[in-house]
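[1] Sequence and computational prediction follow.
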Amino acid sequence: MFKRTIKAFNMFIRRKGYKMEAGEINLSVVVHRSNDVTLEVRPIPTPRENELLIRVGYVCLSDLDLQYVTLGPSLTKQGYAVPYVLGNQATGIVLRAGVGVQDNFQEGDRVVIEPGVACHKCEYCQQGRFNLCPHYSYMGTADRPGALCRFITHPMKNCFKLPQHIGLDDGSLCTRLASAIHACKRAGLDKNSVVAIIGSGFSGITLVMTCKLLGLKNIFVVEFSEYRLGLARHYGAEYVLKFKPNGDPHYLKEIIEEIVGRLPDVTFDTGETGDSLDVATTITRSAGQVIIVGPRPHRIMTSLHHVTFREIDIRGVFNAGQCFQEATQYIKAGLIRVKDLRPTIVPLEHALEAFNNARVNIGGNSVVLVECFKEDKQ
């Protein structure tokens, strides 16, 4: 009886993915140069002190991943170009804990992975602004291998446990949600703020979700895609305005003022259109704020007329600040679920197709998940 129980337990463990099987390989998505991405087998890493060995579950493709695929990989802090594994928004299952970790994590723990790793010693870290640490390294760049693979190691401090009722796919939203929370905090929003969001791709939709969670009622979304406008409306945007690239932003000003009697206090520019910053500064009220969300790989030509003559502040947002744990709480509470975003799910073996889906599907579904390990949810 006892032997049968042990055998059944071992089968359960293997089925759940908590144990590494003999012969498993670390299939990885590696970027070499612009539009040169390959599937390669890389060594399975060994966790060092205070690190975890993690079987990757799901990776949500990010703007940064697409940027590196299209424009070429980032450089190391020393200025070198080296091939590296992509992927920075991930979840997984703990396989092994390094020295100093066993009291906090156990084999089989399901975790969401915070991609940015700071030193926790500098003046910025002491202020809680870990994303500004001069020693900051980020997954999926030349300075830290990414998660588009089967197995990774990662510091314990940057891993947060997920309860059993939350899927690994849902947890993959944490990084993007944390960035949206950080953006809203940078803007100093309150429930009476009037907000405009330019672009309703993944970043725009998570901003809509976050604004709703904060209790805002006057949320405008500006977008050219009918499909994405429908998503924005579905997730709580009170007003959606169709606006084609290179259109006249004064038209938007008139509509917004007519609806709520004033212009937005804050406009979030997610960079979904080439002239989005011009639109943002035009439609924001005097003494208001424009928050730039997401990477800007190219130089931007824009007019500073509204910035100077109407004293509009422009603020940048880099990653998630110290909002990652807050984002995990929203996920744990079931307030945000990945299935509501209707993601495209692609297995790791077909990850190169996932990049093509994400790049060509402009105006459509912008949420692409790479499934590195299919979790048994039964």
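    That came through fine. Residues are numbered from 1 along each chain as shown.
[2] shouldn't Pro347 be in contact with Phe373?
    No: using CB atoms under 8 Å as the test, Pro347 is too far from Phe373 to be in contact (9.8 Å). The way it works is simple: take the backbone N, C-alpha and C, and place the C-beta from them, glycine included.
[3] So between the two, which is more surrounded?
    More crowded of Pro347 and Phe373, by other CB atoms under 10 Å: Phe373, with 19 against 13.
[4] what's that one in contact with, if anything?
    By CB atoms under 8 Å, 6 or more residues apart in numbering, the contact set of Phe373 is 17, 55-57, 92-93, 150, 168.
[5] how about the nearest residue to Asp340, chain neighbours excluded?
    Counting by CB to CB, 6 or more residues apart in numbering, Asp340 lies nearest to Tyr235, which is 7.7 Å off, once chain neighbours are set aside.
[6] For the one you found, the count of nearby residues, please.
    Tyr235: 21 neighbours (other CB under 10 Å).
[7] Enumerate every residue touching it.
    Neighbours of Tyr235 in contact, by CB under 8 Å, 6+ apart: 205, 208-209, 212, 340.
[8] so what strands line up beside the longest strand along the chain?
    If you go by DSSP state E, the chain has its longest strand at strand 51-60. If you go by DSSP bridges, strand 51-60 pairs up with strand 90-97 (antiparallel), strand 151-155 (antiparallel), strand 368-371 (antiparallel).
[9] now those in JSON lines, with distance to Pro245, mean pLDDT and mean neighbour count?
    Shown next, in JSON lines, are the strands paired with strand 51-60 (distance: least, CB to CB, whole Å; pLDDT from 0 to 100; neighbours: other CB atoms under 10 Å):
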{"stretch": "strand 90-97", "distance to Pro245": "32", "mean pLDDT": "94", "mean neighbour count": "25"}
{"stretch": "strand 151-155", "distance to Pro245": "38", "mean pLDDT": "97", "mean neighbour count": "23"}
{"stretch": "strand 368-371", "distance to Pro245": "23", "mean pLDDT": "92", "mean neighbour count": "25"}
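[10] Which one, of those, ends up nearest to Ile259?
    strand 368-371 (33.7 Å; CB to CB).
[11] so how far is the closest one off the chain centroid?
    Put simply, strand 368-371 sits 13 Å off its chain's centre (CA atoms, centre = their mean, to the nearest Å).
[12] Repeat that for stretch 337-347.
    14 Å.
[13] May I have it as CSV, with CA atoms only?
    The C-alpha coordinates for stretch 337-347 follow below in CSV (Å, rounded to 0.1, in the frame of the first residue of the first chain):
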residue,chain,number,x,y,z
ARG,A,337,-7.3,37.2,-16.2
VAL,A,338,-5.3,36.5,-19.3
LYS,A,339,-8.1,34.6,-21.0
ASP,A,340,-10.1,37.8,-21.0
LEU,A,341,-7.5,39.3,-23.4
ARG,A,342,-8.1,36.5,-25.9
PRO,A,343,-4.4,35.7,-26.3
THR,A,344,-2.8,33.8,-29.2
ILE,A,345,-1.0,30.8,-27.6
VAL,A,346,2.0,29.3,-29.4
PRO,A,347,4.1,26.4,-28.2
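[14] how about Arg310, what does it touch?
    285-287.
[15] Give me the phi and psi for Leu348.
    Phi and psi for Leu348, reported as degrees, to the nearest 10, are phi -50, psi -40.
[16] what distance separates the start and the end of stretch 232-245?
    The straight-line separation of the ends of stretch 232-245 (CA to CA, to the nearest Å) is 18 Å.
[17] Report the buried residues of it.
    For stretch 232-245, the neighbour count (16 or more other CB atoms under 10 Å) marks 232, 235-241, 243 as buried.
[18] just stretch 31-48 next, same as before
    31, 37, 44-45, 47.
[19] Next: stretch 315-323.
    In stretch 315-323, counting by 16+ other CB under 10 Å, buried: 317-323.
[20] try stretch 160-174
    Neighbour-count burial for stretch 160-174 [16+ other CB under 10 Å]: 160-162, 166-174.
[21] roughly how far out does that stretch sit from the chain middle?
    14 Å.
[22] tell me the average confidence for that stretch?
    Stretch 160-174 carries an average pLDDT of 88.
[23] Kindly confirm my reading that Phe355 is in a helix.
    Yes: under DSSP: H, G, I helix; E, B strand; the rest coil, Phe355 falls within a helix.
[24] Next, find the distance separating it from Tyr58.
    Phe355 is 16 Å from Tyr58, where distance means CB to CB, to the nearest Å.
[25] Next: Asn50.
    Asn50 is 24 Å from Tyr58, by CB to CB.
[26] So for those two, which residue has more residues nearby?
    Tyr58 (28 against 14).
[27] Contacts only, for that one.
    With contact taken as CB under 8 Å, 6+ apart, Tyr58 is in contact with 90-91, 168-169, 171-172, 369-372.
[28] can you rerun that using 7 Å?
    90-91, 168-169, 172, 369-372 (CB atoms under 7 Å, 6 or more residues apart in numbering).
[29] and if you look at Asn26?
    41-44, 149-151.
[30] Sort out for me which of the residues you listed are in strands.
    Using DSSP E, the members of the contacts of Asn26 that fall within strands are 41-42, 151.
[31] is it possible to export those to JSON lines including distance to Gln127?
    Formatted as JSON lines, those follow (distance: CB to CB, whole Å):
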{"residue": "Val41", "distance to Gln127": "42"}
{"residue": "Arg42", "distance to Gln127": "36"}
{"residue": "Phe151", "distance to Gln127": "34"}
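[32] now the buried residues of stretch 31-48 in JSON lines, with pLDDT?
    Below are the buried residues of stretch 31-48 laid out as JSON lines (pLDDT from 0 to 100):
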{"residue": "Val31", "pLDDT": "94"}
{"residue": "Val37", "pLDDT": "92"}
{"residue": "Ile44", "pLDDT": "96"}
{"residue": "Pro45", "pLDDT": "95"}
{"residue": "Pro47", "pLDDT": "93"}
